[in-house]
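Visitor: Any chance you could fold what I've pasted below:
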Amino acid sequence: MISVVFGLATSASLGLADFMARFSSRALGATLTYAVVLLIGVITSSAWIAVSGERLIWTSGGCGLAIVHGLSVAAMCMLLYAGLARGPVAIVAPIVAAHPALVLVVNVAMGLRPTVYQWVAMAVIIFGGILIARSAEGHPQFAKTDGKELRKTIAIALGACLAYVVLVTTGQASAQRIGEPQTLWLGRLSGFLLVGIILAAQRRSIAIPRSWIPFVGAQGLLDTIGYMAFLAGSTTASPHITMVVASTFSVVTVVLARFILKEPVSNQQWLAVAMIAVGTAVLSGSA
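Guide: This next block holds a predicted model:
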């Protein structure tokens, strides 16, 4: 049960943070927005470790996995933020949320033997991702293009999905070795350094309008809470349940986009979202 609770907390926090990224990324750019989100994560996780007196474990394996986790989180979020800024949300978010099926493939390669229900659920999630991608062709945003912009949006979403697979597998493995607070702290720190290097190479101004600071600050806190909940679920007896329940963040993002942004969502897209949600639920129940 606790694995499900951590998964739901992750889903709600990241779903809302990603929806907020739609606005902040358009106003500030995906890279700068995520740099601020990571900075808040570094400050928050550092304060948590200092206040809680968390004992740090300096093993090469655990710390190395935490660093790879942080770099893959940074890559995933910059791609996701860029995709959400391009839109539409109802296409980008569900493609990224199909990552549990790929994680299961990785687990199979490492010796996991899925049940029949898990194989069926994996197929449903993959088909849902394909369906949401195909539905993009008829979306009003791409109706007058030659398909180039559509392919670019889908490629960005697929890149974020693959990066998600890396961050899930390395994050769970690191949390089990050195604990979730240290994994989060090292991950945020390494990701922040990567994004800082990218900003320096781009020679971009890092000035943020004062009016956007509270908004991006709240987004950063939600993002940090979401990953903290995910890593906490990784140390439970059923980390796979946390992973698949957490992946339903796309449902939160799409629903918010539909009812707040009034973004059009076709029946085919709703069907794809439902397939991904049901697939992850089945994986959760059979994990």
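Visitor: what pLDDT, on average, does the helix or strand where residue 100 lies get?
Guide: Assigned by DSSP states H and E, residue 100 falls within helix 99-109. Averaged over helix 99-109, pLDDT sits at 76.
Visitor: That helix packs against which elements?
Guide: Secondary-structure packing of helix 99-109 (3 or more C-beta pairs under 8 Å, 6 or more residues apart in numbering; DSSP states H and E): helix 116-135, helix 148-178, helix 239-246, helix 267-286. For every residue, glycine as well, the C-beta is placed using N, CA and C.
Visitor: Residue 85: what's it in contact with?
Guide: Counting by C-beta atoms under 8 Å, 6 or more residues apart in numbering, residue 85 touches 21-22, 25-26, 30.
Visitor: now, the most widely separated pair of these?
Guide: Taking C-beta to C-beta as the measure, the contacts of residue 85 reach their widest spread between 22 and 30, a distance of 10.7 Å.
Visitor: which regions of the stretch 151-287 of the chain sit below the pLDDT cut-off?
Guide: Per-residue confidence of the stretch 151-287 of the chain (counting by pLDDT under 70) places the weak regions at 240, 283-287.
Visitor: swap the cut-off to 80 and go again
Guide: Within the stretch 151-287 of the chain, the set of residues satisfying pLDDT under 80 comprises 151, 204-206, 234, 237-255, 257-258, 261-266, 268-269, 272-273, 276-277, 279-287.
Visitor: Could you double-check that residue 163 lies in contact with residue 71?
Guide: No. Distance between residue 163 and residue 71: 9.1 Å, which falls outside the contact criterion (C-beta atoms under 8 Å).
Visitor: Is it correct that residue 9 is in contact with residue 229?
Guide: Yes. With contact defined as C-beta under 8 Å, residue 9 counts as touching residue 229 (3.9 Å).
Visitor: okay, the two: which has more neighbours?
Guide: The residue with more neighbours, out of residue 9 and residue 229, is residue 229; 23 against 20, by other C-beta atoms under 10 Å.
Visitor: Okay, residue 180 and residue 35: tell me how far apart.
Guide: Between residue 180 and residue 35 the distance, using C-beta to C-beta, to the nearest Å, works out to 23 Å.
Visitor: sorry, that was for residue 274
Guide: In this structure, residue 274 lies at 35 Å from residue 35, with C-beta to C-beta as the measure.
Visitor: what about those two, which has more around it?
Guide: When residue 274 is set against residue 35 and neighbours are counted by other C-beta under 10 Å, the residue ahead is residue 35, at 25 against 13.
Visitor: Contact partners for the more buried one?
Guide: Shown in contact with residue 35 (C-beta under 8 Å, 6+ apart): 192, 195-196, 199, 206.
Visitor: Could you do residue 11 as well?
Guide: With contacts defined as C-beta under 8 Å, 6+ apart, residue 11 is in contact with 245-249, 251-252.
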